[in-house]
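S.K.: predicted model follows, preceded by the sequence.
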Amino acid sequence: MKNKTIYITLLIYTVIAVLTLCFFDGTGDAGDSVHHYLFARYAPSHPELFFDHWAKPVYVLLASPFAQFGFIGVKVFNVLVMLFTLLFTFKIAQKLDLKNVVLTSVFIIFAPLCFALTFSGLTEPLFALFISIGIYSVLKKNYLTASLLISFLPFIRSEGLIFLGVFGLYFLLKKEWRAIPVLLFGHLAYSIAGYFVYNDLFWVFNKIPYAHLSSVYGKGGLFHYVDQLTYVIGIPIYIFLGLGSIGVLWKTFKKKTTLELQVLIFLGFFAFFIAHTLFWYLGIFNSMGLKRVFVGVIPLIAILSLVGFNFLTEEVLRMQKTQRRIAQGLLIGLIIIFPFTSNPAALNFDRDLKLSQDQRTADKIGQYVVKNLGIDHRFLFSHPYLSEALDIDHFDQTKHFGLDIPTLERSKSGDVVIWENWFALVESGVTQEWLDSRTEFTHLYTTQSVDRGRDIIYSVYVRN
């Protein structure tokens with residue numbers, strides 16, 4: 001009956017996902033999400049992109065076939081990834097012999113940011129899938145399979161290195177000596193494969209973009225993620241996550257828990273949480289303090305939240321069966337309703353699932369350029385979404401170059417410059433005043449809009 005329930009749940013989620021794909025055109029965000037998609041889409045034309053550390057090689061490899069159908073392709077890819085994540089998280093809860101196991105799907109589906117970012121080109125959903133399959137393989141005692149899968153986590157997201165340590169500790173405690181060296185397989189395989197691109201056998205370490213004891217994005221408070229996690233999973237699930245953490249500690253004290261729950265799930269989540277907290281607090285490893293990173297550990301959050309739900313309703317509140325069922329139903333209803341409330345941590349369908357005003361303005365620029373200039377030019381711009389708006393190969397240097405001062409100074413007659421006041425200004429340091437002051441650039445067109453109080457400006461120039 002439990003298995004029937006999960007498949008009904010997966011069917012319902014599939015229907016919801018299909019409707020979301022049909023009626024909402026968002027990309028998750030206008031930066032990294034689009035950039036990951038561009039890597040996946042154009043990797044077949046530029047094979048070296050399959051070995052780009054920032055783009056994440058395993059993600060590019062698996063998402064690339066879907067990306068050939070446009071951005072909708074990577075959204076479908078992430079929906080499929082999330083379907084399997086729901087299934088394997090459910091199976092983990094079954095193997096741990098937890099009650100109310102189907103609720104793991106409720107915790108994942110109705111975590112507001114997790115739902116929104118499923119419809120993106122981001123890497124967090126795939127990271128979550130590999131973690132869920134890895135833990136399930138451990139619970140099935142397929143230790144070598146688990147170790148092999150987890151060995152590739154750092155090539156989906158760099159935080160995979162944390163889980164190499166977590167799984168390594170688990171195998172050490174279980175005395176599964178054969179599984180420990182297999183955790184290095186992913187690095188070994190990509191070191192050899194990528195050597196033919198970089199001529200560097202150690203590129204998997206030398207090319208890590210975050211290996212700096214500093215961050216251009218600054219730093220923040222020690223309790224940053226204590227607050228931000230509510231915006232990922234919503235307040236009801238946040239409370240159950242806290243209760244679940246207490247529940248695991250209590251069960252550990254009473255010696256009524258398993259090593260898998262203690263190490264792979266509890267320790268795995270908190271190692272991830274503490275690491276990101278320190279990265280942001282200390283301003284290291286180019287941390288941006290992004291809350292979305294916790295979508296990558298949503299299976300762990302779901303399991304801990306289920307422990308918390310059961311701890312409260314099955315152990316703390318000792319009620320008659322009927323009363324307990326009513327209380328559980330009310331709590332589940334609260335979880336389901338929360339994403340649709342006006343709470344700041346709830347879903348905002350316009351903001352979270354539709355193209356941003358910034359992207360719509362970029363589309364307007366793309367239409368202007370195609371109609372008035374054509375695309376037989378070399379374009380200089382920084383905003384990744386402009387490649388989608390113009391439908392040009394982002395990595396073809398006869399079509400596109402990034403926008404910065406040295407590139408502008410080396411530009412050639414006929415080059416088209418698209419300046420905007422975020423990526424070009426903030427990340428590339430090119431001001432519109434600099435462009436206007438240079439006689440070799442002719443201003444052709446400007447369009448403006450406003451999004452939540454921020455002025456959005458796009459301007460088109462041509463090199464004389």
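M.R.: Yep, that arrived.
S.K.: and the helix ranked longest in the chain, what does it pack onto?
M.R.: Ordering each helix of the chain by length in residues (DSSP state H) puts helix 71-95 first. Applying 3 or more CB pairs under 8 Å, 6 or more residues apart in numbering; DSSP states H and E, one finds that helix 71-95 makes contact with helix 2-23, helix 32-42, helix 57-67, helix 103-109, helix 112-118, helix 124-139, helix 298-310. Using the backbone N, CA and C atoms, a C-beta is placed for each residue, glycine as well.
S.K.: okay, now the unreliable bits of this protein?
M.R.: 1-2 (pLDDT under 70).
S.K.: so what are the domain limits for it?
M.R.: Using automatic domain parsing, the domain parsing of the chain gives 2-352, 357-463.
S.K.: report the buried residues of stretch 289-298.
M.R.: Using 16 or more other CB atoms under 10 Å as the test for burial, stretch 289-298 gives 289, 291-298.
S.K.: and the end-to-end length of it?
M.R.: Terminal residues of stretch 289-298 lie 17 Å apart, using CA to CA, to the nearest Å.
S.K.: so how far is that stretch from its chain's centroid?
M.R.: 7 Å (CA atoms, centre = their mean, to the nearest Å).
S.K.: which other residues reach that stretch?
M.R.: Stretch 289-298 is contacted from outside by 85, 89, 108, 111, 113-114, 117, 122-125, 127-128, 131, 157, 159, 217, 219-220, 224-225, 228-229, 231-233, 268-269, 272-273, 276, 280, 301, using CB atoms under 8 Å, 6 or more residues apart in numbering.
S.K.: are any of those residues buried, and which?
M.R.: Buried, going by 16+ other CB under 10 Å: 85, 89, 108, 111, 113-114, 117, 122-125, 127-128, 131, 157, 159, 220, 224-225, 228-229, 231-233, 268-269, 272-273, 276, 280, 301, out of the contacts of stretch 289-298.
S.K.: which one of the helices and strands packed on helix 71-95 lies nearest to T322?
M.R.: Nearest to T322 among the helices and strands packed on helix 71-95 is helix 298-310 (17.6 Å), distances taken as CB to CB.
S.K.: what residues sit buried inside the closest one?
M.R.: Applying 16+ other CB under 10 Å to helix 298-310 flags 298-310 as buried.
S.K.: rewinding a little: and the angle from the longest helix of the chain to helix 32-42?
M.R.: Angle, helix 71-95 to helix 32-42, by axes from the mean of the first three to the mean of the last three CA atoms, to 10 degrees: 110 degrees.
S.K.: pull the number of nearby residues for F223.
M.R.: 10 (other CB atoms under 10 Å).
S.K.: would you map the strands across this structure?
M.R.: 379-380, 400-401, 416-420, 441-451, 454-463 (DSSP state E).
S.K.: quick one on the thing from earlier: of the domains of the chain, flag the one that's most buried.
M.R.: The highest mean neighbour count among those, using mean count of other CB atoms under 10 Å, belongs to domain 2-352: a mean of 19.
S.K.: for R41, which non-adjacent residue is spatially closest?
M.R.: A67 (3.9 Å; CB to CB, 6 or more residues apart in numbering).
S.K.: distance check, G244 against T9.
M.R.: From G244 across to T9, the span is 20 Å (CB to CB, to the nearest Å).
S.K.: returning to what we had before: the residue nearest to R41 contacts V74, doesn't it?
M.R.: Yes. Between A67 and V74 there is a contact under CB atoms under 8 Å: 5.2 Å.
S.K.: and for these two, which residues touch both?
M.R.: 37, 40, 121.
S.K.: how about the helices in the stretch 151-300 of the chain?
M.R.: 160-174, 179-182, 185-198, 203-206, 224-233, 235-253, 259, 268-282, 298-310 (DSSP state H, counting those that start in this stretch).
S.K.: now for the third one, which elements pack on it?
M.R.: Using 3+ CB pairs under 8 Å, 6+ apart, the elements in contact with helix 185-198 are helix 203-206.
S.K.: L347 contacts P112, doesn't it?
M.R.: Yes. Shown here, L347 and P112 form a contact pair, counting by CB under 8 Å, at 4.7 Å.
S.K.: okay, and the common contacts of these two?
M.R.: P339.
S.K.: next up, the contacts around the nearest residue to T398 once chain neighbours are set aside.
M.R.: What sits nearest to T398 in space, not counting adjacent residues and going by CB to CB, 6+ apart, is R378, at 6.3 Å. With contact set as CB under 8 Å, 6+ apart, R378 has these partners: 397-401, 412, 414-416.
S.K.: one more pass at 10 Å, please.
M.R.: By CB atoms under 10 Å, 6 or more residues apart in numbering, the residues touching R378 are 392, 396-401, 411-412, 414-417, 463.
S.K.: kindly report the same for S158.
M.R.: S158 sits next to 53-54, 56, 123, 208-211, 285-286 when contact means CB under 10 Å, 6+ apart.
S.K.: just put those in CSV and tack on distance to Q262.
M.R.: Formatted as CSV, those follow (distance: CB to CB, whole Å):
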residue, distance to Q262
H53, 32
W54, 34
K56, 29
T123, 28
I208, 30
P209, 33
Y210, 29
A211, 31
F285, 27
N286, 32
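S.K.: which of those sit farthest apart?
M.R.: Farthest pair in these (CB to CB) is T123 and A211. Separation: 17.9 Å.
S.K.: residues in contact with the most centrally placed residue in the chain?
M.R.: Among the residues of the chain, the one closest to the centroid is E124, at 2.9 Å (CA atoms, centre = their mean). Contact partners of E124, counting by CB under 10 Å, 6+ apart, are 28, 59, 78, 81, 113-114, 117-118, 156-157, 159, 290, 292-298.
S.K.: and H187, by the same measure?
M.R.: Here H187 is in contact with 151-152, 154-155, 161, 164, 202, 204-205 (CB under 10 Å, 6+ apart).
S.K.: closest to L184 among those?
M.R.: S151 (6.5 Å).
S.K.: from S147, how far out is the nearest residue to that closest one once chain neighbours are set aside?
M.R.: Among residues not flanking S151 along the chain, G186 sits closest, at 3.6 Å (CB to CB, 6+ apart). According to CB to CB, G186 and S147 sit 10 Å apart.
S.K.: find the residues that touch each one of these two.
M.R.: L164.
S.K.: ok so, going back, dump the helices of the stretch 151-300 of the chain to a markdown table, plus distance to D97.
M.R.: Formatted as a markdown table, those follow (distance: least, CB to CB, whole Å):
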| stretch | distance to D97 |
| --- | --- |
| helix 160-174 | 18 |
| helix 179-182 | 23 |
| helix 185-198 | 31 |
| helix 203-206 | 39 |
| helix 224-233 | 24 |
| helix 235-253 | 12 |
| helix 259 | 14 |
| helix 268-282 | 19 |
| helix 298-310 | 11 |
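S.K.: wait, which of those is closest to L49?
M.R.: Using CB to CB, the helices of the stretch 151-300 of the chain put helix 185-198 closest to L49, at 9.5 Å.
S.K.: CA atoms of that closest one as PDB?
M.R.: Only the C-alpha atoms of helix 185-198 are listed here, as PDB (Å, rounded to 0.1, in the frame of the first residue of the first chain):
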ATOM      1  CA  PHE A 185      37.400   7.100  -8.700                       C
ATOM      2  CA  GLY A 186      35.500  10.200  -9.900                       C
ATOM      3  CA  HIS A 187      38.600  12.400  -9.500                       C
ATOM      4  CA  LEU A 188      40.800   9.700 -11.200                       C
ATOM      5  CA  ALA A 189      38.500   9.300 -14.100                       C
ATOM      6  CA  TYR A 190      38.100  13.000 -14.800                       C
ATOM      7  CA  SER A 191      41.800  13.700 -14.200                       C
ATOM      8  CA  ILE A 192      42.600  11.300 -17.000                       C
ATOM      9  CA  ALA A 193      39.800  12.400 -19.400                       C
ATOM     10  CA  GLY A 194      40.400  16.100 -18.800                       C
ATOM     11  CA  TYR A 195      44.200  15.800 -19.300                       C
ATOM     12  CA  PHE A 196      43.600  15.800 -23.100                       C
ATOM     13  CA  VAL A 197      41.900  19.200 -22.700                       C
ATOM     14  CA  TYR A 198      44.200  20.900 -20.200                       C
END
